[in-house]
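1. coordinates only, sequence not included:
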């Protein structure tokens, strides 16, 4: 009499596929005990996507044996941070003190080192496999933040308490090379409210240890640190220095997605002796430009990174030869604080002084050095808006800066031989964008002007598109303007 184990492998595989299709949410792991054949069929799905924390690393190291390493496609790993007490949880200590921030970074560094030691043991597992990848998603969280709040909104789960602090790797920490990671992602607390902000310098240093890295997808907290101008300059400098080092190792990088949780100019672009001005160059901008000049890139996504008018002039004809997709979502400021849009003639005004603002602090926060620094420096963060409120936002296209930026974008896209899709977005108001799109298949351009909402007092974008931009679009394809 025939038994299940005597069935042909093809028939067993068909039964297994039917089982998966009937209920995709069904846990398949228990079926591995039926037979060696079932274990062989199910394990690739069981280990394809894993979600782990620091406490799980010993188990992960034990379970992911040599033959299972190729099964893992995605590893969503959360580094465990120290817990904190009820006084912090319920908002009685509104800011994270320096000692706690330092302790978090020490524990974070230990967790990252343990993770890299485990991943380094997987080296060589994918060298002979074409198309296989390991997507590492890195985050950090305290177990306290994962607990259900006892008093609802009183529990500090909204990331306000530590939104202005970052996690760093301790100085001198050496990480092993990991050749199995091909995709590296991180989302800051600007999007994921329960996850801590990992410094850009930390992410860049880790990325430099991934020689097979093909894709970067980072949303790095920058806006959260605008309240501390001096610290922000230091953080951006460290991020830029580490990214410059890592850029030399990005031999396989093809897809770059950089997002900064920031929509305002930095104090690099104020001129001394203005308040909190910095005379140092913005190394981060130079590092990002260097990464984007890698000739093997196929996809680029930039969001929240302020661009100078001459940004696209930095790239020569040897860049972007393999680029197929480009998305740029920039702010309406140049890095030096000038607007890309203008007010209509007759509404021009002199620049207002930087506004002063005092953040209301809890009485318990006055002994906290971070809280006091936050209070004294907040006016710099609010200093990006230089128009008087009575004038309203600029809504007129007549600046040479915008013409230079758009013409450079159009020229670069038109000269890129493999370009399929390109997008350029610039905000003109609340939930309003000037959008430029390019379809490489149809060789057509489309410009969409923002449409004011009937529920808000929005101002329509006025003025004509820059002539040089429209000329390049018409010479390289068709141009459609949607007002």
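-> Yep, it's here. It should be emphasised that the depicted structure is a prediction, and the values quoted were computed from it without experimental measurement.

2. list the contacts of the residue lying closest to residue 243 once chain neighbours are set aside.
-> For residue 243, ignoring the flanking residues on the chain, the nearest one in space by CB to CB, 6 or more residues apart in numbering is residue 287 at 3.8 Å. Any C-beta I mention is one placed from the backbone N, CA and C, and that applies to glycine too. Shown in contact with residue 287 (CB atoms under 8 Å, 6 or more residues apart in numbering): 239, 240, 241, 243, 244, 247.

3. cool, residue 116 as well?
-> With contacts taken as CB under 8 Å, 6+ apart, residue 116 has the following neighbours: 175, 176, 178, 206, 209.

4. can you tell me the SS state at the last one?
-> Residue 209 carries the three-state label coil when classified by DSSP: H, G, I helix; E, B strand; the rest coil.

5. which stretches in the stretch 251-400 of the chain count as helices?
-> With DSSP state H, counting those that start in this stretch as the criterion, the stretch 251-400 of the chain has helices at 283-292, 369-381, 400-415.

6. buried ones in the first one?
-> The reference is to helix 283-292. Under the neighbour-count criterion of 16 or more other CB atoms under 10 Å, helix 283-292 has 283, 284, 285, 287, 288, 290, 291, 292 buried.

7. partners of the one helix or strand residue 436 maps to in the sheet?
-> Using DSSP states H and E, residue 436 sits within strand 432-439. Sheet pairing of strand 432-439 (DSSP bridges) gives strand 421-429 (antiparallel), strand 444-448 (antiparallel).

8. what's the angle from the first one to helix 400-415?
-> Between the axis of strand 421-429 and that of helix 400-415 there is an angle of 160 degrees, by axes from the mean of the first three to the mean of the last three CA atoms, to 10 degrees.

9. show me what counts as buried in the lengthiest helix in the chain.
-> In the chain, taking DSSP state H as the definition, the longest helix is helix 98-120. Residues of helix 98-120 classed as buried: 100-101, 104-105, 107-109, 111-113, 115-116, 118-119 (neighbour count, 16+ other CB under 10 Å).

10. also stretch 447-457?
-> 447, 449, 450, 452.

11. from those residues, which has minimum pLDDT?
-> The lowest pLDDT within these belongs to residue 452, with 82.

12. how many neighbours does residue 59 have?
-> For residue 59, the count of nearby residues is 10 (other CB atoms under 10 Å).

13. which segments of this structure make up each domain?
-> Per automatic domain parsing, the structural domains of the chain span 7-46, 49-302+350-386.

14. least confident of these, on average?
-> Of all the domains of the chain, domain 7-46 carries the lowest average pLDDT, namely a mean of 63.

15. which elements pack onto the helix or strand harbouring residue 238?
-> Element membership for residue 238, per DSSP H and E: helix 229-247. Judged by 3 or more CB pairs under 8 Å, 6 or more residues apart in numbering; DSSP states H and E, helix 229-247 is in contact with helix 200-207, helix 283-292.

16. could you dump those to a markdown table with distance to residue 458?
-> Supplementary listing: those in a markdown table, determined by distance: least, CB to CB, whole Å:
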| stretch | distance to residue 458 |
| --- | --- |
| helix 200-207 | 34 |
| helix 283-292 | 31 |
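
17. out of these, which comes closest to residue 215?
-> Ranking those by proximity to residue 215 (CB to CB) places helix 200-207 first, at 10.5 Å.

18. wait, residue 305 sits on residue 256?
-> No - Residue 305 is not in contact with residue 256 according to CB atoms under 8 Å; the separation is 11.4 Å.

19. may I have the strands that pair with the host helix or strand of residue 140, each with its orientation?
-> Secondary structure from DSSP H and E places residue 140 in strand 135-141. Its sheet considered, strand 135-141 pairs with strand 74-80 (parallel), strand 183-187 (parallel) by DSSP bridges.

20. which residues does the last one contact?
-> Spelled out, it's strand 183-187. Residues outside strand 183-187 that contact it (CB under 8 Å, 6+ apart) are 133-139, 195, 198, 203, 206-207, 210, 213-220.

21. residues touching residue 253, list them.
-> Counting by CB under 8 Å, 6+ apart, residue 253 touches 213, 214, 215, 216, 291, 294, 296, 297.

22. which of these are buried?
-> Listed as buried from the contacts of residue 253 are 213, 214, 215, 216, 291, 294, 297; burial here means 16+ other CB under 10 Å.

23. grab the two from these that are most spread out in space.
-> Of all pairs in the buried ones among the contacts of residue 253, the most separated under CB to CB is 214 and 291 at 13.5 Å.

24. give me the neighbour count for residue 472.
-> Residue neighbour count, defined by other CB under 10 Å, stands at 23 for residue 472.

25. same check, this time on residue 46
-> Considering only other CB under 10 Å, residue 46 is surrounded by 17 other residues.

26. for residue 54, see how far away it is.
-> Going from residue 46 to residue 54 by CB to CB, to the nearest Å gives 22 Å.

27. ranges for the strands of the stretch 201-350 of the chain?
-> 215-221, 255-261, 299-303, 325-329 (DSSP state E, counting those that start in this stretch).

28. about what we covered before: please report how far the residue nearest to residue 243 lies from residue 235.
-> Remark: distance between residue 287 and residue 235 (CB to CB) = 13 Å.

29. coming back round to it: indicate which one of the strands paired with strand 135-141 is closest to residue 474.
-> Proximity to residue 474, assessed across the strands paired with strand 135-141 by CB to CB, is greatest for strand 183-187 (38.9 Å).

30. isn't residue 473 up against residue 467?
-> No - counting by CB under 8 Å, residue 473 does not reach residue 467; the two are 10.8 Å apart.

31. ok so, going back, hey, which of the strands paired with strand 432-439 is tucked in deepest?
-> With neighbours defined as mean count of other CB atoms under 10 Å, the strands paired with strand 432-439 peak in mean count at strand 421-429, which reaches a mean of 20.

32. now do that one against strand 299-303, angle only.
-> Using the same axes, to 10 degrees: strand 421-429 against strand 299-303 is 0 degrees.
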